[in-house]
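Novice: Quick one: sequence and predicted model below, then my questions.
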2 protein chains.
Amino acid sequence: MLENITSAQLKTMTLKELLALCEEIREVITATVFKNGGHLSSNLGMVELSVALHYVFDFPDDKLVFDVGHQCYTHKLLSGRYQQFNTIRKKDGISGFPKRDESEYDCYNVGHAGTSVSAALGIAKARDVIGKDFNVVAVIGDGSFNNGLIYEAFNSLRLLNTNILLILNDNGMSIAPTVGSMHEYLELLSENDVQKSKMDRHAKIFERFGFAYDGVYDGNDLEQMINKLFEVKQRLKHESVILHVLTKKGKGYEFCEENPESTHGISANTAAVPVGEYSEMLGKTLVRLAKDDDRIVAVTAAMTSSLGLSDFFSSYPNRAIDVGICEEHATILCASMATEGLKPYYAVYSTFLQRSFDEIIIDICGQNLPVTICIDRAGISGSDGETHQGVFDLSFLSLIPNLTVAVPKDINEFESMLEWSASFNAPLAIRYPRESKKIFGVKAPIVLGKWETLKEGNSNFAIIACGERAITLAMSAADSLDSSGISVGVINARFIKPLDTQMLDSIKAKHIITVEDNMLIGGLGSLIDGYFSQSNKVIKNFAYSDKFVPQGDVGELMRDFGVSSEEIVNYIKSNENR
Amino acid sequence: MLENITSAQLKTMTLKELLALCEEIREVITATVFKNGGHLSSNLGMVELSVALHYVFDFPDDKLVFDVGHQCYTHKLLSGRYQQFNTIRKKDGISGFPKRDESEYDCYNVGHAGTSVSAALGIAKARDVIGKDFNVVAVIGDGSFNNGLIYEAFNSLRLLNTNILLILNDNGMSIAPTVGSMHEYLELLSENDVQKSKMDRHAKIFERFGFAYDGVYDGNDLEQMINKLFEVKQRLKHESVILHVLTKKGKGYEFCEENPESTHGISANTAAVPVGEYSEMLGKTLVRLAKDDDRIVAVTAAMTSSLGLSDFFSSYPNRAIDVGICEEHATILCASMATEGLKPYYAVYSTFLQRSFDEIIIDICGQNLPVTICIDRAGISGSDGETHQGVFDLSFLSLIPNLTVAVPKDINEFESMLEWSASFNAPLAIRYPRESKKIFGVKAPIVLGKWETLKEGNSNFAIIACGERAITLAMSAADSLDSSGISVGVINARFIKPLDTQMLDSIKAKHIITVEDNMLIGGLGSLIDGYFSQSNKVIKNFAYSDKFVPQGDVGELMRDFGVSSEEIVNYIKSNENR
């Protein structure tokens, strides 16, 4: 019955039909995620709640804002996207996150944690200013609830003088189990045996900020959810409400229920078997280094296992800190621990590091402290789309004084860089993609700001590239050109800051080609352009043009942006006689 | 007696002597701030509390972390910096903020709000890991208490399993009066007639996070502060404590007590009389535009008056929002209000906008929403030093897709840009310095991405500059070169994104000089270097090299970084025959 369902139809269905619909939704989600990859357990937990929301509220007139957004699959299926659902997370397909361009039912794009309450308040405030009349609902997981943005939004609720419904979807997990005092507090609120009067007192935190608190309810009990939402909808006319519901991550699929962390994100089936993952190398190397160096501490923001640090956390519990989804706080913790002589490693996804921009400038680099930022999922990250691409980091990091920015060419060089970093006494960022597919033979020792020549050439062209993906393209282009009789040198720019000016000055070729897995503006190419701005070198940059990078397969997207060995070969061939 | 005071001496003084010391400190601070400029009222409020801290704790073995840091003057006077105190905020003088390089008594550099609790926790955690034994004290104002970082840090207190003392210095003000529910809550805690039992219940918010709450006390009562701090110091062995004290901003100086907002920051006496301020133009123009356009709303983060928006706030209270020191939340509010058809103007200092980096990418530009960011105090901001310079914005903004970045050449062009912005339907950033000193005659209408020629030239050199300061240097250099018979054209690059490629292509001069009040990496110069990377143009960039810009006079600092009309003239003269 899911096939042609509309919001209007849904509202005419019996409870029994709705329950059957939930089962159908679960089947579709599970089958699709195992095929396309995606977020499984969080979406399975949200089925009943989403059906109830669509039953009670009138979307798209009413507005539904998600936090992070990876729990929106049922919402998509119920808002006219069943037919396209098999394209989810694929190139040109529908997004795994809410997206305004895709449907009027998606009113606010998300991807990073903690934005939903602010966004819901802004939409509600705009409604009041304009004089419209609709309801605004935000759904937030307990993991996002750790983020400081929530507090900033709560703090301005009374000031904005508007009403929203905030549904706290509590499954005790962000990706890893949720940590911190707010989580403990939510657990306390969830204890069924707490006396009602005592509960009322506990709930005071939310009431301080102007929310009426109503909880705890079973978010997987469809009938209860529908009744409760009808009741709360009436209250929204005169107050803002937090509705605290408990859902089971992976609900209805036993393996997921038992393994919510490993089934949070499922990878699509792919033919290519990677050599390994950079995250594994990070974990393995840090565990080894920390054995002899008790200054080493590791910090993450709710990503311990995905970053490869599970072993470190179990081996050195006293030197391992997961602060929850708090990238800014994590950055300052690292800086301040470094002031006392510790050697912090802050592991984080590239896209989420954007949240720490100010603290990298002021706290780490402004104090010139030896914090190493290990930046995973850098470059195009693939199916999660625009909000999750790690394509800005080379640009926003290289503009910061005192920061050294390193880009390993393969996992072995990553290992060497980590070893080198242990005795490097200043701010350092190392960025790398998820998968390792290639090992390059050359292995020159790591020296600050020194590049290595991967391939000598004697033509008028030299390629400078950084990172495994770009170097793979560069080497492949150079090999192909060799067979056309054009001998092109390839340089591994393993530090993009500082640049290896000695090597740059030694380049005899008139034409320099740069290749990177990053935006053109501000990246390796821009730095090289700047270095040669007064010379007569002709420089061609292969990098991503000034557009957001959509979802899709990594290699395909790189080609779409013109970053491919074919394009490099074509450019060199067509400029051979210039 | 302040002249040669040491921590050891302080501890031997009688209460009467200490009170006399406080008076002497007040006199020194007041006299110095009126001479050098600086933060007056916040420092006058902190005198007794700072003396008590130095009396009770053993700095620098114990660690004292400030939030924002502009309230550290007494601390500096008590830690061996009396002799240099008259150099405060001057070039090569001592900083108006804590600075590790300056004294071992300053353990953590600050400048932006909300970092103190995280930093204190990191230092305490490092102490525990290393196995040292000292106390960690953080002092935070109630204004900073709105920032989300506080919540992130609170949330991890139990998790880090360490003890700190957090002194909440509550004067009811950030720079403007503090807003929001947390402020109302602090006021509630401060009501003396609240019964003790009821108070205990109110204090539960802090206890939820693992802090023992102790308050409220008079932070200007030296004797009470000393006794209370001795008591709390003992408790730190087994718990973390929040000590809530009330202080009077501007204490002891009647005019300050009555005018805490206007005496928050005092400007140094200077001879130059500015034409006006960009902030005035912002306020005046927005008030005018909003009259006919009811989509216009203004958002600030605790800076309403300094940004020139007081009139807007009183004229359109329903369309004016000050969220407190919450730059991230403010950004999302703007984006979300824009989704519903409003036209938000987010006014903010350049340095604080760094906090919104991720939200500018994801929320504003990722959704391509018509939010206008009005960036004040851009470029070198002067005496506040490293943490407050607005020299990164052109770099971190120009790397973001969908964002238009505009830089007016004077306040009149700023007015035209604001008028133009009202009908511009996409993300826009306009950046400008504080003071307006010059009006340029030429006034071509604003067209997206179109530059204007300020001066024609027929030599082999052309200057491209953006913003009042840089254009002033460029015009002055061109005038000076005219008298040497070298006719150099000057172009006003009033959009640095998109670049005016038509005008760039039309430049006949082989040599292009760029001038800007921003870092070299990623700024206007880098964009021009990139544009011409395949041409044979010779490009010389005048911008700030890759170092943090220290405190000092704006013009002097620009010259120190080689950004001056003399340097431009010298470069052109010495390359005339190249």
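Specialist: Nice, I can see it. These figures come from a predicted structure and were not determined experimentally. Numbers count the residues shown, from 1 in each chain, chains lettered A, B, ... in the order given.
Novice: May I have the beta-bridge partners of the nearest residue to A:Glu456 once chain neighbours are set aside?
Specialist: Using Cβ to Cβ, 6 or more residues apart in numbering or on different chains and skipping the chain neighbours, the partner closest in space to A:Glu456 is A:Gly489 (5.5 Å). In short, each C-beta sits where N, CA and C put it, glycine included. Assessed by DSSP bridges, A:Gly489 has beta-bridge partners A:Ala462.
Novice: what residues are up against A:Gly489?
Specialist: A:Gly489 is in contact with A:Thr453, A:Lys455, A:Glu456, A:Gly457, A:Asn458, A:Phe461, A:Ala462, A:Ile463, A:Ala478, A:Ile507, A:Ala509, counting by Cβ atoms under 8 Å, 6 or more residues apart in numbering or on different chains.
Novice: most surrounded residue in those?
Specialist: Within the contacts of A:Gly489, A:Ile463 tops the neighbour count with 30 neighbours, counted by other Cβ atoms under 10 Å in any protein chain shown.
Novice: Would you confirm that that one contacts A:Ile486?
Specialist: No - in this structure A:Ile463 lies outside contact range of A:Ile486 using Cβ atoms under 8 Å: 11.5 Å.
Novice: Quick one: neighbours of the one residue in chain A that gets nearest to chain B, just the number.
Specialist: Proximity of chain A to chain B (Cβ to the nearest Cβ) peaks at A:Gly148, 2.4 Å away. Neighbour count for A:Gly148, taken as other Cβ under 10 Å: 27.
Novice: and if you look at the one 3 residues further on?
Specialist: When neighbours are defined as other Cβ under 10 Å, A:Tyr151 has 30 of them.
Novice: and the angle from the one helix or strand it maps to to helix B:148-155?
Specialist: Using DSSP states H and E, A:Tyr151 sits in helix A:148-155. Counting by axes from the mean of the first three to the mean of the last three Cα atoms, to 10 degrees, helix A:148-155 lies at 110 degrees to helix B:148-155.
Novice: Packing partners of helix A:148-155?
Specialist: Counting contacts by 3 or more Cβ pairs under 8 Å, 6 or more residues apart in numbering or on different chains; DSSP states H and E, helix A:148-155 packs against helix A:116-130, helix B:148-155, helix B:181-190, helix B:327-339.
Novice: Run the angle between that helix and helix A:181-190 for me.
Specialist: 60 degrees.
Novice: Locate A:Asn412 within the secondary structure: which element?
Specialist: Judged by DSSP H and E, A:Asn412 forms part of helix A:411-421.
Novice: Quick one: distance of that helix to the chain centre.
Specialist: Computed by Cα atoms, centre = their mean, to the nearest Å, the chain-centroid distance of helix A:411-421 equals 24 Å.
Novice: Also stretch A:285-301?
Specialist: That offset, for stretch A:285-301, works out to 24 Å (Cα atoms, centre = their mean).
Novice: Could you list the residues in contact with it?
Specialist: A:307, A:309, A:311-313, A:315-316, A:319-327, A:329-330, A:333-334, A:337, A:341-348, A:352, A:414-415, A:418-419, A:422, B:129.
Novice: what does stretch A:147-159 give?
Specialist: So stretch A:147-159 is contacted by A:113-115, A:117-118, A:121, A:140, A:144, A:206, A:209-211, A:240, A:324-326, A:328-329, B:114, B:146-152, B:179-182, B:184, B:321-324, B:326, B:328-329, B:332-333 (Cβ under 8 Å, 6+ apart).
Novice: Ignoring the adjacent residues along the chain, who's closest to A:Glu258?
Specialist: A:Glu258 sits nearest to A:Gly250 (Cβ to Cβ, 6+ apart), 7.6 Å away.
Novice: List the residues that contact that neighbour.
Specialist: A:Leu40, A:Ser41, A:Leu44, A:Gly45, A:Cys256, A:Glu257, A:Glu258, A:Asn259, A:Pro260, A:Thr263.
Novice: in the stretch 451-578 of chain A, which spans are helices?
Specialist: A:468-483, A:501-506, A:524-531, A:554-560, A:565-574 (DSSP state H, counting those that start in this stretch).
Novice: Deepest-packed of those, please.
Specialist: Highest mean neighbour count of those: helix A:524-531, a mean of 26 (counted as mean count of other Cβ atoms under 10 Å in any protein chain shown).
Novice: which residues are contacting it?
Specialist: With Cβ under 8 Å, 6+ apart as the criterion, helix A:524-531 contacts A:394-395, A:398, A:464-466, A:493, A:496-497, A:499, A:501, A:504, A:512, A:514, A:516, A:518, A:520, A:539, A:541-543, B:520-522, B:525-526, B:529-530, B:533, B:541.
Novice: rerun at 6 Å
Specialist: With contacts defined as Cβ atoms under 6 Å, 6 or more residues apart in numbering or on different chains, helix A:524-531 is touched by A:466, A:493, A:496, A:499, A:504, A:514, A:516, A:539, A:541, A:543, B:526, B:529-530, B:533.
Novice: Filter the residues you listed down to the ones in strands?
Specialist: A:Ile496, A:Thr514, A:Glu516, A:Ile539, A:Asn541, A:Ala543 (DSSP state E).
Novice: thinking again about what came up before, okay, the angle between the helix holding A:Asn412 and helix A:468-483?
Specialist: 130 degrees.
Novice: Show me what helix A:411-421 is packed against.
Specialist: helix A:278-292 (3 or more Cβ pairs under 6 Å, 6 or more residues apart in numbering or on different chains; DSSP states H and E).
Novice: 8 Å - rerun?
Specialist: helix A:278-292, strand A:372-376, strand A:428-431.
Novice: In CSV: those, plus mean neighbour count.
Specialist: Shown next, in CSV, are the helices and strands packed on helix A:411-421 (neighbours: other Cβ atoms under 10 Å in any protein chain shown):
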stretch, mean neighbour count
helix A:278-292, 20
strand A:372-376, 27
strand A:428-431, 26
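Novice: Any chance of the ones you listed in CSV with mean pLDDT as columns?
Specialist: Below are these laid out as CSV (pLDDT from 0 to 100):
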stretch, mean pLDDT
helix A:278-292, 98
strand A:372-376, 98
strand A:428-431, 98
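Novice: Include distance to B:Ile360 when you put these into a markdown table, please.
Specialist: Supplementary listing: these in a markdown table, determined by distance: least, Cβ to Cβ, whole Å:
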| stretch | distance to B:Ile360 |
| --- | --- |
| helix A:278-292 | 28 |
| strand A:372-376 | 20 |
| strand A:428-431 | 20 |
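Novice: Which of these sits closest to A:His75?
Specialist: strand A:372-376 (29.0 Å; Cβ to Cβ).
Novice: Give me the sheet partners of that closest one and which way each runs.
Specialist: As assigned by DSSP bridges, strand A:372-376 forms pairs with strand A:343-349 (parallel), strand A:428-431 (parallel).
Novice: I'd like the mean pLDDT over the longest one, please.
Specialist: Spelled out, that is strand A:343-349. In this model, strand A:343-349 has an average pLDDT of 98.
Novice: Helix or strand next in line after that strand, which one?
Specialist: helix A:350-353.
Novice: tell me what the helix or strand following that following helix is packed against?
Specialist: In the C-terminal direction, the helix or strand that comes right after helix A:350-353 (DSSP H and E) is helix A:357-359. The helices and strands touching helix A:357-359, judged by 3+ Cβ pairs under 8 Å, 6+ apart, are helix A:327-339, helix B:357-359.
Novice: Phi first, then psi, for A:Gly111.
Specialist: phi 180, psi -40 (degrees, to the nearest 10).
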